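# I would like to see how this sequence folds:
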Amino acid sequence: MYPLNVVLVGCGGDLLQLLRLELSVHAVRIEAEFLGVESAIASLRSGESAGSKSKSSKSRSVAPATSEPAKRLFIVHLDSAHELPAIKRLSSFFPGHPILLLIDARGDANIPIMAMRMGASQVVTLPLQADDFKLALDCIGNQFGLPSKNQVIAVAGVTGGCGATTLAINIAFEISQAHPDVRVVLAELSLQMGKLPLYLNVEPRYTTYELLKDIHRIDLYFMQQALTPIVDRFSILAGPYQTVTPLSVSSADVLLLIECLQQLADIIVLDVPCTYDSIYFDTLMAADKVVLVGEQKVPSIRAFQMVADKLEGKPVQMLLNRYDPDLSGFGLARLKAMLNNNDMMTVCSDYASVSTAVNQGLPLRLREPRSQVLSDIHQVAMKLVPVQADSDTKTRHSSVFGGIIRALGISR
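Numbering: from 1, shown residues only. Sure thing, here's the model as predicted:
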């Protein structure tokens, strides 16, 4: 759900219909609609409900009356630059409430600058472009309505080749689809030969390379452009997948990148490569939750203990990938005792299902929804970010999965 209620001002005709459609797509609640700035000021300042249809306010109600939100987003349409003082007037009556201006700026490149001087937070030029409008919405939402559920989850292999990237992809996807009001970003922290674009069959416009090489100068607008959407509310930030020589960065640079990402999503899942360097350990220490991934092999068992000790007692979720309950000497009970960790979880070995999903560039949920490996991963995801156990949530959860599968034409 978008963090701000919206008040539409001066929007009519085809533009109004288009705005209603775009706002509904992005789960934005329209509080009220007004024919002009003055009527909006008069109605809202006099304490009339958003649902009023009085002749004096000339407003069209589209939502039931509610208590005034902490902040509103005003989306205002003006016909020309001559009307820009209305933005200043609106801003003076409602300081701290963002204004998104819609205006035809053709023929005058100074209009966006003039509008911001008057108090507009964002300017979208007409005719309305869906991508540009969404970007403006996101920027305002990030600036004025920071996510309340914000947390960082680090998924890190304790040895190379243990399947941590595949697990990170599917844990992040499961979280995003189980929580209809949560935005999830999966960020790949590999500094060379990133895997996410290959595993999800996408070509990112930008990667962490472009962000990290100038991390102290990037803004949220550029950061947002670097995110590659996979499905609604789930995006990735890919590592440099065509770069062989890694960029030289510090732990502070990576932590700043993560801090910026926290302004763009509710849940950040980090795919942390197994490097055992300062970036590896500093990232894990900075995360809210840590998932350490290993296998039923002696190197992994030793690495589990080494990494856990380095994290200075920070609680971690140990996860055995490709688990075989019949492997002699490496059963779950024995490993829990060896590592003094009674909370260890397992993900079964299912090479066929995982390979099929990876080869088709899809999360397991969209390709192998009945696989046992997905069931195990889902349990991990729900332990990290629990879902309220009510029938309404279950219904929405099923509906979301069904809608995605139908949209992609995948048989169930």
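# This protein - how does it break down into domains?
The chain breaks down by automatic domain parsing into domains covering 5-144, 151-408.
# Could you tell me the least trusted of those?
The stretch with the lowest mean pLDDT among these is domain 5-144, at a mean of 83.
# State the number of residues packed around L102.
Here the number of neighbours of L102 (other Cβ atoms under 10 Å) works out to 24. C-beta: built from backbone N, CA, C; applies to glycine.
# now swap in M306 and tell me
12.
# Ok, C274 next?
20.
# what does G157 give?
Using other Cβ under 10 Å: G157 sits among 28 other residues.
# Strands of the stretch 201-350 of the chain, residue ranges please.
228-231, 234-237, 267-272, 289-294, 317-323, 345-348 (DSSP state E, counting those that start in this stretch).
# Indicate which one of those is closest to S24.
Closest to S24 of the strands of the stretch 201-350 of the chain is strand 228-231 (Cβ to Cβ; 17.4 Å).
# what's the spacing between G36 and D79?
11 Å (Cβ to Cβ, to the nearest Å).
# next one: S278
With Cβ to Cβ as the criterion, S278 and D79 are 57 Å apart.
# ok, now G329?
77 Å.
# three-state assignment of the closest residue in space to Q263 that isn't next to it in sequence?
Spatial nearest neighbour of Q263, chain neighbours left out: N142 (4.8 Å); criterion: Cβ to Cβ, 6 or more residues apart in numbering. Under the three-state scheme (DSSP: H, G, I helix; E, B strand; the rest coil), N142 adopts helix.
# Surely N142 touches D219?
No: at 10.8 Å, N142 and D219 do not qualify as touching, with contact defined as Cβ atoms under 8 Å.
# Go through the strands of the stretch 201-350 of the chain and pick out the most buried.
strand 267-272 (a mean of 28; mean count of other Cβ atoms under 10 Å).
# residues in contact with it?
Contacts of strand 267-272 with the rest of the structure, by Cβ atoms under 8 Å, 6 or more residues apart in numbering, involve 149-157, 164-165, 168-169, 171-172, 175-176, 179, 182-190, 196, 258, 261-262, 280, 283-284, 287, 385.
# for stretch 305-318, same thing?
Residues outside stretch 305-318 that contact it (Cβ under 8 Å, 6+ apart): 156, 158, 281, 284-285, 289-292, 294, 304, 339, 341, 343-345, 380, 383-384.
# try 7 Å
Here stretch 305-318 makes contact (Cβ atoms under 7 Å, 6 or more residues apart in numbering) with 158, 281, 284-285, 289-292, 304, 339, 341, 343-345.
# And stretch 167-187, by the same measure?
Against stretch 167-187 from outside (Cβ under 7 Å, 6+ apart): 1, 147, 149, 155, 199-200, 227, 233-237, 261, 264-271, 293, 321, 347, 363-365, 377-378, 380-382, 384-385, 387, 396-397, 400-401.
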